[in-house]
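*Asks:* sequence plus predicted model, see below.
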Amino acid sequence: MQKPARLRRREFLGSAATAVGLPYLVPCGVLGAAGKPGAAERLTVAHIGVGGMGTGHLNNMLQFRSEGKVNIAAVCDVDDRRLATALKVAGPGVQPYRDYRYILLRKDIDAVILATPDHWHAVQTVHACETGKHVYVEKPASVTVEEGRAMIAAARKNHRAVQVGAQGRTGLGAWYTCRAIRNGIVGKVSKVTCWHYANPVDENPIPDCAPPPELDWDLWLGPLRWRAYNPRYAPGTFRWFLESGGGQIRDRGAHQFSTILWCMQADHQIAFTVEARGTPPTKGLWDCPVEMEVVYTFKDPDWTLVWAQPGEKVGKTEFGNVFWGDREYAGKKHLVLEWEGAYRPAEPEAIQFKAPPGGVSVERTDEYADFNMNHKADWFKAIRSGGRPAVDIEIGHRTATLCNLGNLAYLLGRKLVWDGEQAVGDAQANRLLSRPQRHPYHL
């Protein structure tokens, strides 16, 4: 891949860990005042990670480009085949990169869209904010609590809009459900349960081998400890390792918990207890528990959140959640939300529900019918206004904390009492709120 002639590889790697994030690389004036783009009305964006969800994000930006809202400056991926495909889709004038740090050196780029594996989210978000870029980052926001805190600090210090890709909060289905729950459709909700199918098992383990020639394995691993390549690690199968993906709870849970916290007006409830149990796999490399149940207990107001795989399937689709109340509506004392409220519509009773006079108003960005487009439009609005998007990084961090602590309680096999900053009286758990990251790919 083409690299800037002004910076030799050794010089770049030698400075990557300490200098790639220095604000002087992108003077704040380039992007304009008060969080707004610079002289050009269009935002100039770059895509980092263009497989899977990254392809969908690129297609969204092509639509925005056709509407005159963005320029697409660059695409980046550690897999040459994916990169070549993305470059062909993006069209003329778009620069390809294998290493994301070269994108951060470009002064013409206002914002980046990160669809890399979970273990890269925090490092790339922090570096992007420190070099003056606004960020759209896939969920889950982070894989450790320390990473999430660093992401918030970088966004706030550098006045960047960081949107986490949990689209439920700008999805129409979740909005109908949130409006109904907040206005008491089933009275006081004391419990929310989630059902989800189990984590998979690596039924056919295979030995380590050389990585495919198109893949830069060192860059794919990034912050992770070094290990030999195995096809069971990547690309999408990183999800089934507690170290890199965290299983269903950190994947889909990041979606569902975000929507649930929104409906319950619970973003401020950062203290809770968490208990977990699960069934570990008996073969293969993947180490996420096959079946799992995690119970979170909140106080003031009191309510319980339960993640269960498989759990009790109350709805019709593969996963979803149920709000359990104390008042009957349409013959039931509960309200179901399939998936997380973006990919599936709300239940008819939520859609038809009429808020009482003087009831709670629930705001959402509604520029596009497509929920992915709408979520990015909400991010654009925050960039231009200098405000915060619907799933600001602080919200994304709190959601990821639920997921990460659920996995930690499972690993330790005991109840954790979380006060919003640490596990009370549990030094071992607190040591596991962070982990070493491999040089030079670290915070």
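*Replies:* It's in.
*Asks:* in stretch 333-347, what counts as buried?
*Replies:* 334-342, 344-347 (16 or more other CB atoms under 10 Å). (C-beta placed from N, C-alpha, C; glycine too.)
*Asks:* now those as TSV including pLDDT and distance to residue 249?
*Replies:* Shown next, in TSV, are the buried residues of stretch 333-347 (pLDDT from 0 to 100; distance: CB to CB, whole Å):
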residue	pLDDT	distance to residue 249
334	98	22
335	98	22
336	98	20
337	98	17
338	97	18
339	96	15
340	94	13
341	94	18
342	95	18
344	94	19
345	96	24
346	97	23
347	97	24
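*Asks:* and the residues you listed, which of them are in strands?
*Replies:* Among these, the residues falling in strands (DSSP state E) are 334, 335, 336, 337, 338.
*Asks:* reformat these as JSON lines; add distance to residue 441.
*Replies:* Formatted as JSON lines, those follow (distance: CB to CB, whole Å):
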{"residue": "334", "distance to residue 441": "45"}
{"residue": "335", "distance to residue 441": "44"}
{"residue": "336", "distance to residue 441": "42"}
{"residue": "337", "distance to residue 441": "37"}
{"residue": "338", "distance to residue 441": "38"}
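*Asks:* give me the phi and psi angles of residue 323.
*Replies:* The phi/psi pair for residue 323 (degrees, to the nearest 10) reads phi -100, psi 120.
*Asks:* so who does it touch?
*Replies:* 177, 181, 186, 189, 192, 263, 334, 335, 336, 337 (CB atoms under 8 Å, 6 or more residues apart in numbering).
*Asks:* per-residue pLDDT, the closest residue in space to the third one that isn't next to it in sequence?
*Replies:* Right, residue 186. Setting aside the residues directly before and after it, residue 186 is nearest to residue 325 in space (CB to CB, 6 or more residues apart in numbering), at 2.9 Å. Here, the pLDDT recorded for residue 325 equals 98.
*Asks:* ok, now the one 3 residues further on?
*Replies:* As summarised for this prediction, residue 328 has a pLDDT of 96.
*Asks:* count of neighbours near it?
*Replies:* 11 (other CB atoms under 10 Å).
*Asks:* phi first, then psi, for it.
*Replies:* phi -80, psi 140.
*Asks:* contacts only, for it.
*Replies:* Going by CB under 8 Å, 6+ apart, the list of residues near residue 328 reads residue 186.
*Asks:* distance of it relative to residue 171?
*Replies:* For residue 328, the distance to residue 171 equals 27 Å [CB to CB, to the nearest Å].
*Asks:* also residue 255?
*Replies:* To residue 171, residue 255 is 10 Å away according to CB to CB.
*Asks:* same check on residue 189?
*Replies:* 20 Å.
*Asks:* which of those two has more neighbours?
*Replies:* Between residue 189 and residue 171, counted using other CB under 10 Å, residue 171 has the larger neighbour count: 28 against 25.
*Asks:* and the spatially closest residue to residue 169 that is not a sequence neighbour, what does it touch?
*Replies:* Leaving aside its sequence neighbours, residue 169 sits nearest to residue 390 (CB to CB, 6+ apart; 4.4 Å). Residue 390 sits next to 163, 169, 170, 364, 365, 375, 378 when contact means CB under 8 Å, 6+ apart.
*Asks:* doesn't residue 310 make contact with residue 196?
*Replies:* Yes: with contact defined as CB atoms under 8 Å, residue 196 reaches residue 310; the gap is 6.9 Å.
*Asks:* higher neighbour count, those two?
*Replies:* residue 196 (23 against 15).
*Asks:* nearest residue to that one in space, please, no chain neighbours.
*Replies:* residue 319 (4.0 Å).
*Asks:* cool, residue 52 as well?
*Replies:* Using CB to CB, 6+ apart, the nearest residue to residue 52 is residue 236, at 6.3 Å.
*Asks:* next: residue 171.
*Replies:* According to CB to CB, 6+ apart, the nearest residue to residue 171 is residue 342 (3.3 Å).
*Asks:* residues near residue 436, how many?
*Replies:* Counted with other CB under 10 Å, residue 436 comes out at 8.
*Asks:* do the same with residue 275
*Replies:* So residue 275, with other CB under 10 Å, has 16 neighbours.
*Asks:* now do the one 5 residues further on
*Replies:* Here the number of neighbours of residue 280 (other CB under 10 Å) works out to 12.
*Asks:* export the buried residues of stretch 333-347 to JSON lines and tack on distance to residue 228?
*Replies:* Below are these laid out as JSON lines (distance: CB to CB, whole Å):
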{"residue": "334", "distance to residue 228": "49"}
{"residue": "335", "distance to residue 228": "49"}
{"residue": "336", "distance to residue 228": "45"}
{"residue": "337", "distance to residue 228": "42"}
{"residue": "338", "distance to residue 228": "41"}
{"residue": "339", "distance to residue 228": "37"}
{"residue": "340", "distance to residue 228": "36"}
{"residue": "341", "distance to residue 228": "41"}
{"residue": "342", "distance to residue 228": "38"}
{"residue": "344", "distance to residue 228": "40"}
{"residue": "345", "distance to residue 228": "45"}
{"residue": "346", "distance to residue 228": "47"}
{"residue": "347", "distance to residue 228": "48"}
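*Asks:* may I ask which two of those are separated the most?
*Replies:* Using CB to CB, the pair of these lying farthest apart is 334 and 342, separated by 20.9 Å.
*Asks:* where do the helices sit along the stretch 201-350 of the chain?
*Replies:* 217-221, 247-263, 348-352 (DSSP state H, counting those that start in this stretch).
*Asks:* tell me the most buried of the ones you listed?
*Replies:* Greatest average neighbour count among the helices of the stretch 201-350 of the chain goes to helix 247-263 (a mean of 27), per mean count of other CB atoms under 10 Å.
*Asks:* that one - what's its average pLDDT?
*Replies:* Mean predicted lDDT for helix 247-263 stands at 98.
*Asks:* only alpha carbons, please: show that helix as CSV.
*Replies:* The C-alpha trace of helix 247-263 is given here as CSV (Å, rounded to 0.1, in the frame of the first residue of the first chain):
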residue,chain,number,x,y,z
GLY,A,247,-19.0,-13.4,23.2
GLN,A,248,-22.7,-12.5,22.7
ILE,A,249,-23.0,-10.4,25.8
ARG,A,250,-20.3,-7.9,24.6
ASP,A,251,-21.6,-8.0,21.0
ARG,A,252,-25.4,-8.0,21.1
GLY,A,253,-25.5,-7.1,24.7
ALA,A,254,-23.8,-3.8,23.8
HIS,A,255,-26.8,-3.1,21.6
GLN,A,256,-29.5,-4.3,23.9
PHE,A,257,-28.1,-2.8,27.1
SER,A,258,-27.8,0.6,25.5
THR,A,259,-31.4,0.6,24.5
ILE,A,260,-32.6,-0.7,27.9
LEU,A,261,-30.6,2.0,29.8
TRP,A,262,-32.2,4.6,27.5
CYS,A,263,-35.8,3.2,28.1
